[in-house]
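Chemist: The sequence and its predicted three-dimensional model are supplied below.
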Amino acid sequence: VFERGVGETSACGTGACAAVVIGPAENPTGAFWGPDGTILFGQPAGILRVPASGGPSAVVVAAQAGELLGVSQLLPDGDTMLVSVLGREGVRVEAQKMSTGARTVLVEGGFAPRYLATGHLVYLVDNVLMGVPFDPRRLVVTGSRGDTLLGLAFDSAAGGIWARRLTGGPVFRLDSWRFD
């Protein structure tokens, strides 16, 4: 669970626990808790990484002039992030390599992407959840997109409103932060 406070980001694992301040932040734009014990989150400077236990953060992908980046998910290779990019021409979904800074545009007009183990990339377009076959090794969309759920509500202050169960298909929150 990530919370946005005044000038800080805090985190709490699953289950009952007290939130721990992990470092300074200005309205984080997406966050992902990585398997290596670090948290990736978006800031005006780009995508930053901070230890989940707290400490200094470092820019791992710099934003280009006129862009706002929001991290959504780290792909299975542990080096590539799915990122929402808001720029002068609108929004898009990109894959960004942390090791090289290489960027690959995956979807124009989409945001809040997630990769599913079924081999699909899902993302929002105008409050509609879309899905497309995706190869995470080659970072290419391999088929046509289709509507997944119509009339999906979106809370821009939260950076996205859906999640996927570890054991099944997508689960959606339409009016609260509870995922069932």
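Modeler: Arrived safely. Numbering: from 1, shown residues only.
Chemist: check contacts around residue 145.
Modeler: Residue 145 makes contacts with 107, 130, 131, 132, as judged by Cβ atoms under 8 Å, 6 or more residues apart in numbering. Every C-beta, even on glycine, is put in place using the N, C-alpha and C of the backbone.
Chemist: Distance-wise, check the closest residue to the second one other than its chain neighbours relative to residue 100.
Modeler: The shortest distance from residue 130 to any non-neighbouring residue, by Cβ to Cβ, 6 or more residues apart in numbering, is to residue 145 (5.0 Å). Using Cβ to Cβ, to the nearest Å, one obtains 27 Å as the distance from residue 145 to residue 100.
Chemist: Check residue 26 too.
Modeler: 27 Å.
Chemist: More neighbours: which of those two?
Modeler: residue 26 (13 against 9; other Cβ atoms under 10 Å).
Chemist: what separates that one from residue 90, distance-wise?
Modeler: Distance from residue 26 to residue 90, by Cβ to Cβ: 23 Å.
Chemist: Burial check on the nearest residue to residue 51 once chain neighbours are set aside, number of neighbours?
Modeler: Excluding the flanking residues, the one nearest residue 51 by Cβ to Cβ, 6+ apart is residue 38, at 5.7 Å. Per other Cβ under 10 Å, the neighbour tally for residue 38 reads 20.
Chemist: give the contact list for residue 38.
Modeler: So residue 38 contacts 49, 50, 51, 52 (Cβ under 8 Å, 6+ apart).
Chemist: Quick check: beta-bridge partners of the first one?
Modeler: Right, the one you point to is residue 49. Beta-bridge pairing for residue 49 (DSSP bridges): residue 40, residue 58.
Chemist: I figured it was touching residue 43, is that so?
Modeler: No - contact status for residue 49 versus residue 43: not in contact, 10.8 Å apart, counting by Cβ atoms under 8 Å.
Chemist: thinking again about what came up before, please indicate which of the contacts of residue 38 has the highest neighbour count?
Modeler: Neighbour max across the contacts of residue 38 (other Cβ under 10 Å) = residue 50, 21 neighbours.
Chemist: ok, and the closest non-adjacent residue to that residue?
Modeler: residue 57 (3.9 Å).
Chemist: do residue 108 as well
Modeler: Per Cβ to Cβ, 6+ apart, closest to residue 108 is residue 92, 5.0 Å.
Chemist: What is the strand or helix carrying the one you found packed up against?
Modeler: Following DSSP states H and E, one finds residue 92 within strand 90-97. Judged by 3 or more Cβ pairs under 8 Å, 6 or more residues apart in numbering; DSSP states H and E, the packing partners of strand 90-97 are strand 80-87, strand 103-108, strand 111-116.
Chemist: among the helices and strands of this structure, which has the poorest mean pLDDT?
Modeler: strand 162-164 (a mean of 40; mean pLDDT, DSSP states H and E).
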